[in-house]
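>>> Generate a structure from the sequence data that follows.
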Amino acid sequence: MSAPAPAPLPELRIPLWSRAPQRPLLWLLLITAGSILTQGYLVGFINHGLQIPLIRHWAGDDAFDRDPFISDLVNTYTTAFFPAVGYAARYVPLPVLMFALFLAFRFATCWLGWRLGMVLFDDGVAALWTAAVLAVQSTTFGWDIVSEIYLTHGALAQVMALWALLLVARRRIVAAWVVLGVLFNFHGMHAVHLMLVLGLVQLPLLRDRALRGQVILGGVVAVLLSLPTLWWMREVGALGGTPPAGYAQAIKDWFPSHFWPSTWGMLDWLMLLFPVATAWPLWALAQPTQPVADAGTLARMVWLSILVAMVGGVLVEIHPHPFILRLHLMRLSWIMALAGAPFLARACVQLVRAVDRPDLPDARMAAATGVMMLMGLGVAALYRPAYWLTLAPALWMVLRYRGGQPGGRMVALMTALAVAIPGALTLSGVRELPVASAEAAPRGFYFIEGLFGLFAAVAVLSAWIRRAEGPHRGFTRRMLFQAACLLAALHLGARGVVMTYGPRKGAMSEWRDVQEWCARTLPRGDVVMVPLTQMGLRVFSNQIPAVDFQEGDAAFHHPAYVETFQRKLRLYGWEPAPIVGFTHFSRLDPLDERLTDDDARRLGREFGAHVAIRRTRHPPWNLPELYRTPSFVIYRLDDVPPPS
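I've put the predicted structure just below:
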């Protein structure tokens with residue numbers, strides 16, 4: 001007598017987990033709008049300190065014609081993006097143009113992410129969550145950023161890279177290379193990275209006579225399309241020029257995180273440890289039973305981007321040749337984040353779907369883990385890899401359950417790791433924060449990591465104990481899952497409120513007030529001393545900062561500028577010193593704090609500055625005060641009586 005057929009599994013009545021949502025375009029618009037509302041949109045932030053002046057230059061604004069830093073970058077920042085935006089800004093107000101482009105690129109990112117998820121898995125739910133993963137700002141090891149919250153040429157590069165990945169998944173070999181050739185003219189570094197990884201992935205295709213011609217043709221067309229920018233780079237010495245002596249050591253003394261793993265701090269290593277520790281379970285959990293596209297090629301691109309990036313780091317440690325430095329190989333992690341997003345989203349959705357699978361021994365733990373993984377999209381970009389790493393033991397346990405009941409030793413090990421990882425992060429992480437002052441340190445995120453890591457440990461242990469019969473077994477599992485959902489909702493809600501309203505007050509808004517005062521009061525194009533870690537004075541003030549952290553970026557585009565930059569820093573008392581983690585940034589604030597009245601006058605004479613901006617938390621100067629906010633004070637440096 002044959003066994004009765006199993007009853008069909010009930011469908012989970014949550015459309016975002018089980019059924020393909022209707023009207024995906026509407027969902028993509030909501031994801032786009034939600035990503036901006038919860039993360040914000042910034043102008044004058046970080047790289048805008050040099051990029052907006054470049055755009056204004058190409059728009060015909062002469063405010064920075066006397067600025068040697070911007071005059072140098074106009075020639076050596078070899079991308080067609082800023083000239084194109086600048087010419088468009090002659091006809092459209094720049095704020096309107098920038099926001100429109102930001103919105104268009106963010107929506108294009110979401111749409112291409114959705115298309116990539118559909119092509120790889122034919123799963124409408126996972127495809128929408130792929131869009132959500134890509135819409136959230138993320139920081140990757142080697143310090144690259146996905147979906148930045150301000151407009152830059154990286155936003156266009158991200159759209160074109162996703163387009164190329166979509167073409168790769170659809171086996172459109174020549175078309176993918178054509179997109180990469182065009183991309184080189186807008187973001188040469190990311191184009192080279194994608195060409196390198198795609199070329200390595202497609203090497204085995206050269207053995208196939210039918211595909212060999214497509215790969216070669218695609219490569220040749222990509223090079224031809226790159227020629228305009230290659231010619232520009234050669235003309236300005238960015239390609240083939242000889243860097244100054246000591247260039248590699250100067251980069252290591254200033255900003256080594258892109259290149260030297262030996263200078264990494266804890267947060268840097270966490271950004272690498274998360275993908276390494278979870279790549280296999282995420283891939284295994286995401287795999288469809290019948291792949292509908294070339295998911296394997298994209299998965300190999302993820303692994304190759306990690307491998308080549310770390311090989312690049314080892315090469316720099318052994319032989320820091322300027323050519324290797326300028327390839328920025330460790331920033332291939334950007335490809336890992338883009339190509340890996342569909343697998344991450346699909347794995348999380350599959351985990352959540354397990355809540356409606358009573359036949360699975362790990363159903364409740366898998367669902368709770370999936371919810372907590374998706375909840376991580378609400379954690380700040382710097383801390384998300386650390387938060388997700390706390391869930392790595394749960395992911396491995398879910399995968400192990402799919403292969404059969406794990407033994408007690410493995411459960412004990414995973415439970416110990418689930419407690420130890422967040423514990424170590426909570427105890428040690430607060431001592432390394434990427435801020436100039438402790439007053440801005442978001443230490444609460446480490447508490448959240450500890451809280452949810454502890455929950456993950458309880459979930460792992462509960463899933464193992466469920467083998468035993470008992471009247472409270474089902475109640476415990478339900479409470480664990482419901483607690484995960486509740487905590488996720490509370491955390492995401494709080495995170496959205498903080499990100500929406502936080503930038504409207506505090507030092508960020510005051511910094512704009514300071515710039516607007518300078519624009520109203522000071523002559524156009526005047527030189528102003530600023531705190532070394534305070535970037536972006538040019539954006540709203542029409543003034544030239546004497547020197548700031550942002551100016552060091554010129555060394556990546558024009559190696560000869562590194563001598564000028566270091567000469568300015570030495571006027572503040574800066575000297576090369578070993579760097580670990582964020583000390584390249586945090587060690588600058590004490591230099592500002594130690595400046596005296598006489599130092600301020602001396603620096604003013606050196607830079608030709610008549611005005612200096614100082615943080616109010618630093619000791620005050622005995623100089624005439626011109627303007628004050630709770631965070632900043634502006635002093636006049638000349639026409640003051642000599643000190644008594």
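>>> Where does pLDDT dip in the stretch 401-550 of the chain?
401-412, 415, 418-420, 422-507 (pLDDT under 70).
>>> where do the strands sit along the protein?
138-140, 144-146, 527-529, 544-545, 611-615, 625-628, 632-636 (DSSP state E).
>>> Nearest approach to Leu377 belongs to which of these?
Checking the strands of the chain against Leu377 by C-beta to C-beta gives strand 138-140 as the closest, at 9.1 Å. Using the backbone N, CA and C atoms, a C-beta is placed for each residue, glycine as well.
>>> coming back round to it: please produce TSV containing the strands of the chain, extended by distance to Leu162 and mean neighbour count.
Formatted as TSV, these follow (distance: least, C-beta to C-beta, whole Å; neighbours: other C-beta atoms under 10 Å):
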stretch	distance to Leu162	mean neighbour count
strand 138-140	14	24
strand 144-146	10	23
strand 527-529	40	23
strand 544-545	35	25
strand 611-615	40	22
strand 625-628	45	14
strand 632-636	40	20
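>>> how far away is Ala612 from Gly573?
Note on Ala612: its distance to Gly573, by C-beta to C-beta, to the nearest Å, is 16 Å.
>>> if we can go back for a sec, in JSON lines: the strands of the chain, plus distance to Phe585.
As requested, these are exported to JSON lines (distance: least, C-beta to C-beta, whole Å):
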{"stretch": "strand 138-140", "distance to Phe585": "14"}
{"stretch": "strand 144-146", "distance to Phe585": "16"}
{"stretch": "strand 527-529", "distance to Phe585": "19"}
{"stretch": "strand 544-545", "distance to Phe585": "16"}
{"stretch": "strand 611-615", "distance to Phe585": "15"}
{"stretch": "strand 625-628", "distance to Phe585": "26"}
{"stretch": "strand 632-636", "distance to Phe585": "19"}
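>>> Any idea which of those strands gets closest to Thr32?
Taking the strands of the chain one by one with C-beta to C-beta, strand 144-146 is closest: 15.0 Å.
>>> Quick one: list the elements packing against that closest one.
strand 138-140, helix 333-353 (3 or more C-beta pairs under 8 Å, 6 or more residues apart in numbering; DSSP states H and E).
>>> Show me what it is in contact with.
134, 137-140, 154, 158, 331, 333-334, 337-338, 381 (C-beta atoms under 8 Å, 6 or more residues apart in numbering).
>>> per-residue confidence at the residue nearest the centre of the chain?
Nearest to the geometric centre of the chain sits Ile145, at 2.2 Å (C-alpha atoms, centre = their mean). For Ile145, the pLDDT comes out at 86.
>>> With the one 10 residues further on instead?
Confidence per residue is given as pLDDT, and for Ala155 that number is 93.
>>> if I look at it, how far off is Ile613?
30 Å.
>>> what about stretch 115-129, how long is it end to end?
Terminal residues of stretch 115-129 are spaced 11 Å apart (C-alpha to C-alpha, to the nearest Å).
>>> next one: stretch 136-154
14 Å.
>>> Leu217 - nearest residue in space that isn't next to it in sequence?
Val174 (5.6 Å; C-beta to C-beta, 6 or more residues apart in numbering).
>>> May I ask you to confirm that Trp111 is in contact with Leu29?
No: the criterion here is C-beta atoms under 8 Å, and Trp111 misses it with Leu29 at 9.7 Å.
>>> okay, these two: which has more neighbours?
Using other C-beta atoms under 10 Å as the criterion, Trp111 and Leu29 rank with Trp111 on top: 19 against 14.
>>> got a list of what the closest residue to the more buried one other than its chain neighbours touches?
Leaving out its chain neighbours, the residue that sits closest to Trp111 by C-beta to C-beta, 6+ apart is Leu28, at 5.6 Å. Listed by C-beta under 8 Å, 6+ apart, the contact set of Leu28 reads Phe107, Cys110, Trp111, Trp114, Leu128, Ala131.
>>> try 6 Å
The contact partners of Leu28, by C-beta atoms under 6 Å, 6 or more residues apart in numbering, come to Cys110, Trp111, Trp114, Ala131.
>>> Can you pick out the most distant pair from those?
Trp111 and Ala131 (7.3 Å).
>>> Can you report how many residues lie near the closest residue to Met118 other than its chain neighbours?
Distance criterion C-beta to C-beta, 6+ apart; nearest residue to Met118, sequence neighbours excluded, is Ala127 at 4.5 Å. Close neighbours of Ala127, defined as other C-beta under 10 Å, add up to 27.
>>> Below-threshold pLDDT in the chain: ranges please.
1-22, 238-241, 288-293, 356-362, 401-412, 415, 418-420, 422-507, 639-644.
>>> closest to Arg364 out of the strands of the chain?
strand 138-140 (28.5 Å).
>>> in its sheet, what does the closest one sit against?
Note on strand 138-140: by DSSP bridges, its sheet partners are strand 144-146 (antiparallel).
>>> Quick one: distance of the partner strand to the chain centre.
Taking C-alpha atoms, centre = their mean, to the nearest Å, one finds the center of strand 144-146 at 3 Å from the center of the full chain.
>>> measure the residue nearest to Trp111 to Phe121 for me?
17 Å.
>>> quick one on the thing from earlier: looking at the strands of the chain, spot the one closest to Ala63.
Closest among the strands of the chain, using C-beta to C-beta: strand 544-545, at 8.8 Å.
>>> ok, that closest one: who's next to it in the sheet?
Here, using DSSP bridges, strand 544-545 pairs with strand 527-529 (parallel).
>>> got the contact list for the partner strand?
Outside strand 527-529, the residues touching it (C-beta under 6 Å, 6+ apart) are Gln543, Ile544, Ala546, Phe607, Gly608, Ala609, Val611, Ala612.
>>> Could you do stretch 248-262 as well?
Counting by C-beta under 6 Å, 6+ apart, 142-143, 263, 313, 316-317, 320, 322, 325, 328, 552, 562, 576, 579, 584 sit against stretch 248-262.
>>> repeat that for 8 Å
Taking C-beta under 8 Å, 6+ apart as the rule, stretch 248-262 contacts 142-143, 263-264, 268, 310, 313-314, 316-317, 320-322, 325, 328, 330-331, 552, 555, 562-563, 565-566, 576-577, 579, 584.
>>> Relative to Tyr572, how far out is the residue nearest to Val514 when sequence neighbours are not counted?
Among residues not flanking Val514 along the chain, Phe632 sits closest, at 5.1 Å (C-beta to C-beta, 6+ apart). Going from Phe632 to Tyr572 by C-beta to C-beta gives 18 Å.
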